[in-house]
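> I'd like to go over a predicted model; first the sequence, then the structure.
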Amino acid sequence: EKTIDETIKEGFTKIPGLVTLYRKKEAGKDTIYAELPEDQLGKMMMLQATASTGTAEMGPYGLPLAPGTPINDIVFKLEKIDDRIFFTIPNFYYRAANPEIAKSVRRSFADGYLQTFKIEAKQADRKSVLIDVSDLFRGDLAQVSQVMSGGGGLFGGSGGGFGMDRDKTFIKEMKNFPENLVVTTQYHFQRGGRGSSATLADPRSAPITVVYNLSVLPGATDYTPRLSDDRVGYFETGFQSFDDDAKRDQLTRYILRWDLKKKDPTAALSEPVKPIIFWLDNAIPKEYRPAFEKAFLVWNSAFEKVGYKNAIVVKQMPDNPDPNDPNTPSDTADMRFNCVRYVHSPEEAYAVAWFRTNPITGQILNASITVDAGIVRFTKVEHQKEVDPAQAFAYGAGIPQEEERLRQKLAATTSQPGGASFSTFSGQAKHNHADPRTCSFAHEAKSQAHFGYHALAAQSATGTLSPTDMKAYTDQFIIEVVGHEFGHILGLRHNFIASKEYTLAQLADKATTDKGGIGASLMDYNAFNIAALNKKGAAYYATNIGTYDRWAVEYGYTPIPAAKTPDEEKFALAQIAKQSGAPGHAYLSDEVADNFDPDVARFDMGKDNLEYQKQAMALSRKLLATLDKRVPKNGESYWEFTQDFNILLGMYSRSAGYATRFIGGQNISHAHRGDMNEKPALSTVSAATQRQALAMLVTNVFAPDAIPVPKRYYSKLASDPTGFGADEVPMLDRLSGIQRTALSRLFSSTMLSRIANNEYKASEKEKPVTLPYLFQTVGSNVWAEIPAKTSVNPLRRNLQRAYVDRMIDVALKGGVNADAQMLAWNELRGMKTKLATAKSIPTLDTYTTAHYADSFDKINRALDARITLGQASSGPNINDLLSLLLGRKPNETTNAGSGMTPTQP
């Protein structure tokens, strides 16, 4: 047998580093050998695959495939079995320290094998073996093809069908360093047929460059994992331990964090041995770089509190970096360097945090942030959610079809390329639990930024912002968005209760917002701070970290030098976590956001969020009333006006939608027994607040003059001149949709159940909001024209029809609270009585008289259906029910003698 030295003697170039490589390019063939010392076998390693170039088409995690997008992280070890080297995936999610139990665990949860390599040669004096890795970095071990495939992959929406073109796939560059190996591969994907693509030069060709980073994982002695606590929000990794059968929860959870160690452990304040260094992409426009830098550096004050000076360092990537300089990045996909990269895509703006971790310990190894240039283009923005303002009421929960839509959206955005769901132990669980990659803050915040822009522009005599004011506003927005994403990079999850930190008066104070931002945390989705309008110096967005951020960093990064194991840190960490009841320390995240706790929501603000929403609605109303004075400018299309109109009407609807969350709402706390200022785990929103919320809806959604759209606007609403087809802009239908959706939310089975359960739990002295109060308050407003003996306008007729339909739906639908069904029948009987008289009022117009008669007949059919079906011994038949509602008798056919079943609507 030939030795390694003999095998690589002719034509091979030696590339020393982490793994010694030998490469020979000859006659179009690229051969790469790797020499593996025997003492390196069995070591845990990580192979990271990262996109270096993008296509701007939608890629993994529901985001565009952009430079820097992670494709895969593979933790593995190389093992020698017989005369082959196995690429082994260890199953470290199930463990046991007890040696006997460990044997069973190993048998029950086997390792995986992805690839094998033939041993080409050996070198006895170096105790090493040689394997051929030529296809390792130009093949599909990292599942690059799944990112680029059809179906649920990258180009599913553009026709799919892409396959790897191995003839045009090659290794561009290899850099071997003592601690890692960096390989750059140019992939090419192709397809036949006539697929389409908005961003590819030719829809048949999709080139993409991928950078592989190979490194040895830090050993267990180099880093002490830190246990998580549900009172402080960190992303987690973990495993199931089978050592203690008595434990209720067998999962051990570690937070994800960087490994910071003091240069001088005895000093109260010391620089870290390895600071968290971030490089600013040289593609970031120079005017924005100071804001990007500040977004990182504001976090340093939190680390100073726990003893680290300059824990975070920001450096600027040179405009023309030397690719051979090992200390400077030349490619933002080179994971030796933490970078914030600036990209462009044709879609709406986004910003996303990407970090790579050791899933065994939770140590964050490297990270990057991708920022789409669209975040600074918020003066020209339109979201489909705002085009249909009714969707604002469905944002979160309460309407069955919307809950299903959100469930499907979540399922679509929380799977790996190829469809496999993320492990809940790996720190890569779905966004509603632990994944920063689907953080939609920047995308959704653009509506807030656009809203704020209009609010500021309306104060100007010119109807626009000066370049200086625009720059200051943009900088604040950048600091909040990038600072939020960097919080994820530090390991922090969202905290959607943090916005309750300050009163609106405090939010109007410059000293308050300068020192503590506009809430307790940058990790909330903060709304535009309308309290700062006309208040000199008060911030519109968070330009500093908050109280919670400092406390969370204290939990995650406080040095505990006496502790050598995670368990030895428990007591010290408990002293920090038990402060969860201190002002600004509350933590609640995605799992409960936008649900039954109205204080845990995206884009709310202030200690009194309901008052904020009232002010936001008033501001939206004002901006809508004056919009045509500002937009469009001379020479601009009325499409500009239409887009701004859609945004403002959407913001108005969204504020109204927030009000529904208070009705039947409850407040959550993760406090443990004995915590500072311990709060109950569950408490009902005060009845006074619920009544205020309902009154707000009645006034701003259901009242005759509720929705503030001037009639003169209807002739100014234009279609997109660059789009396909024309929009008739059916405003009656759209405005009716807002009211109809609000009714659906209030009288959904979920809402009715919440009110009934809260009423049951309340004491008599609490005077809770009751189901009769809901029915009476909404019903009396909806039918206000009957006692007033006035005609009903078209919008109100649609509202009244929707109310009748909703009452029938509640009365007949299964799964609805029984008392609510009873009250719905009662409401229908009461409406029938009132309509019997009202339809005969002689002063009403023809529309109203016919409308009252039609509503009377519909209610009468529903009541008759209940009586008739109640006499049936075998229970109601759906066809009989529909027939009765349509005015036919049960089993009556539409074609006598035909034997056909009744026609269904």
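Thanks, I have the structure now. Numbering: from 1, shown residues only.

> Any regions of the stretch 1-150 of the chain where pLDDT drops low?
Applying pLDDT under 70 to the stretch 1-150 of the chain flags residues 54, 56-64, 149-150.

> packing partners for the helix or strand hosting Tyr773?
In this structure, Tyr773 sits in helix 771-782 according to DSSP states H and E. Counting contacts by 3 or more Cβ pairs under 8 Å, 6 or more residues apart in numbering; DSSP states H and E, helix 771-782 is packed against helix 687-697, helix 731-746, helix 749-761, helix 794-812, helix 818-838. Glycine gets a C-beta too; all of them are placed from N, C-alpha and C.

> Can you point out the buried residues in the fourth one?
It stands for helix 794-812. 795-812 (16 or more other Cβ atoms under 10 Å).

> and Asp83, which of the helices and strands packed on helix 771-782 is closest to it?
helix 749-761 (63.1 Å; Cβ to Cβ).

> Please compute how far that closest one lies from its chain's middle.
Put simply, helix 749-761 sits 29 Å off its chain's centre (Cα atoms, centre = their mean, to the nearest Å).

> just stretch 14-29 next, same as before
43 Å.

> So what touches it?
8, 11-13, 30-36, 40, 130, 133, 174-181, 214-216 (Cβ atoms under 8 Å, 6 or more residues apart in numbering).

> Just the buried ones from the residues you listed?
8, 12, 32-36, 130, 133, 174-176, 180-181, 214-215.

> got any ranges where the stretch 751-900 of the chain has weak pLDDT?
In the stretch 751-900 of the chain the weaker segments, taking pLDDT under 70 as the threshold, are 867-900.

> thinking again about what came up before, and which of the buried ones among the contacts of stretch 14-29 is nearest Ile277?
For these, the nearest to Ile277 is Asn180 (15.7 Å; Cβ to Cβ).

> Give the closest residue to the closest one in space, chain neighbours not counted.
Ser215 (4.1 Å; Cβ to Cβ, 6 or more residues apart in numbering).

> what sits up against stretch 609-619?
The contact list for stretch 609-619 (Cβ under 8 Å, 6+ apart) reads 455, 499-500, 504, 527, 530-531, 533, 598-599, 601, 604-606, 651-652, 655-656, 658-659, 662, 689, 692-693, 696, 700.

> Name the next helix or strand downstream of the helix holding Tyr773, please.
helix 785-788.

> quick revisit: which member of the buried ones among the contacts of stretch 14-29 is positioned nearest Asn781?
Using Cβ to Cβ, Ser215 is the member of the buried ones among the contacts of stretch 14-29 that lies nearest Asn781, at 65.2 Å.

> need the contact list for the closest one.
Ser215 touches 18, 45-46, 48, 179-181, 365, counting by Cβ under 8 Å, 6+ apart.

> any idea which of the residues you listed is closest to Asp319?
Looking across the contacts of Ser215 and measuring by Cβ to Cβ, the closest to Asp319 is Asn180, at 25.5 Å.

> my read: Lys607 touches Leu507, true?
No. Taking Cβ atoms under 8 Å as the definition, Lys607 is not a contact partner of Leu507, at 9.3 Å.

> before we move on, back to that, and the residue nearest to Asn180, which of the three is it?
On the three-state scheme (DSSP: H, G, I helix; E, B strand; the rest coil), Ser215 is labelled strand.

> same question, Tyr22
Quick answer, by three-state DSSP: Tyr22 is strand.

> Tell me the bridge partners for it.
Judged by DSSP bridges, the bridge partners of Tyr22 are Lys14, Tyr33.

> so how far is Leu141 from it?
20 Å (Cβ to Cβ, to the nearest Å).

> returning to what we had before: so Lys607 and Leu507 - more neighbours on which side?
Taking other Cβ atoms under 10 Å, Lys607 and Leu507 do not tie; Leu507 has more neighbours (26 against 16).
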